[in-house]
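Colleague: mind folding the following:
(4 chains)
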Protein chains: 2
Amino acid sequence: MTNQPGTLTPPNDGLDAVFAALADPTRRDMVARLTEGDATVTELAEPYDMTIQAVSKHLKVLEDAGVVHRSRDAQRRPVHLEAEVFDLMTAWIERARRRIEARYRRLDDVLAAMDTSDPADQGTDDPQPRRKRPAS
Amino acid sequence: MTNQPGTLTPPNDGLDAVFAALADPTRRDMVARLTEGDATVTELAEPYDMTIQAVSKHLKVLEDAGVVHRSRDAQRRPVHLEAEVFDLMTAWIERARRRIEARYRRLDDVLAAMDTSDPADQGTDDPQPRRKRPAS
DNA sequence: CGTGTAGTCAACTGATTGGTTGAATAGCCG
DNA sequence: CGGCTATTCAACCAATCAGTTGACTACACG
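Modeller: Residues are numbered from 1 along each chain as shown, chains lettered A, B, ... in the order given. Below is the predicted model of the structure:
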């Protein structure tokens, strides 16, 4: 099941995988580490209290999600952060945020219109919006 | 195990939970739906081919992650999107992105310095950076 | 050539997850 | 009161996940 039936979600990019990959704190930490520069598996494994194999698996998850790319340098496999996926997430998040804000804007308009047209409840004629945008 | 040993990750906010919550396409879809306005459980459940209980569970996950808040209106439980968590994610993502860009900037500086100081390989004296920022 | 180093693959385990059914709670309405 | 509606709780199941151990591949170097 890649995508659910009745939905307003755009097709489905690897967003699932990206969010899932970044849901694990160890993985998020590795990504943080990788913003400082490429690293080998053993280098990445060093801070954690787990086997190299486990780290390798985490890396595979990140790679499958497209967060990371592993090249080859002799027996070493330098891990490189793929910056583009961040754009994918930011796009989703920002789209949601914009929709929320649009909704509040719409609501403000309605309330403002009511203020000026509704005969009752208007001592002053300044169209002060009641509802503020959520603290952002 | 809330957080891993050797780490440069800031304490640990509910980021785990937020990313995990948004890793599920159904849940992401519900959030998208909620940007259009609050909704009851049954309303939210309508588009999906699954029991109300399953939807209720998804909602619980979103709530525990702080993505959503459920108030009470008689026997109905209107679900409301909590916009602030988006900031949390955006903050993490943008911090990572800035670090990557800082790194590239640093690299550019080094290369530029080599251009002006290295006696070989310098026909012109304009410190043109070789490496561009990753396509954003 | 053999040995050490870097990494992956495979099989197993316990915990979590996404879904189910069935029963329980809570509040409106006749 | 009794029933309908909206929602949750509890137990269960199959699949996935994060971790382990053990065996394997790939390469450098002496």
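Colleague: domains of chain A?
Modeller: A:15-82, A:83-116 (automatic domain parsing).
Colleague: rank those by mean pLDDT and give me the bottom one.
Modeller: Per-stretch mean pLDDT for the domains of chain A is lowest at domain A:83-116 (a mean of 88).
Colleague: enumerate the residues of chain A near DNA strand C.
Modeller: Applying Cβ under 7 Å from any atom of the strand, one finds that chain A approaches DNA strand C through A:1, A:40-43, A:52-53, A:56, A:59-60, A:70, A:75-78. To be clear about C-beta, it is placed using only N, CA and C from the backbone, and glycine gets the same treatment.
Colleague: of the domains of chain A, flag the one that's most buried.
Modeller: Each of these was given a mean neighbour count from mean count of other Cβ atoms under 10 Å in any protein chain shown, and the largest, a mean of 17, is that of domain A:15-82.
Colleague: that one near DNA strand D at all?
Modeller: Yes - using Cβ under 7 Å from any atom of the strand, domain A:15-82 reaches DNA strand D at A:20, A:23-24, A:26, A:49-51, A:53-54, A:57-58, A:61, A:74-75.
Colleague: closest to the centroid, which residue in chain A?
Modeller: Compute the mean C-alpha point of chain A, and by Cα atoms, centre = their mean the closest residue is A:M89, 3.8 Å away.
Colleague: does that one belong to a helix, a strand or coil?
Modeller: Three-state call for A:M89 (DSSP: H, G, I helix; E, B strand; the rest coil): helix.
Colleague: which stretches of chain A form helices?
Modeller: Applying DSSP state H to chain A gives helices spanning A:15-23, A:25-35, A:41-45, A:52-64, A:84-117.
Colleague: redo those helices as JSON lines? Include distance to B:D109.
Modeller: Formatted as JSON lines, the helices of chain A follow (distance: least, Cβ to Cβ, whole Å):
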{"stretch": "helix A:15-23", "distance to B:D109": "30"}
{"stretch": "helix A:25-35", "distance to B:D109": "17"}
{"stretch": "helix A:41-45", "distance to B:D109": "24"}
{"stretch": "helix A:52-64", "distance to B:D109": "29"}
{"stretch": "helix A:84-117", "distance to B:D109": "23"}
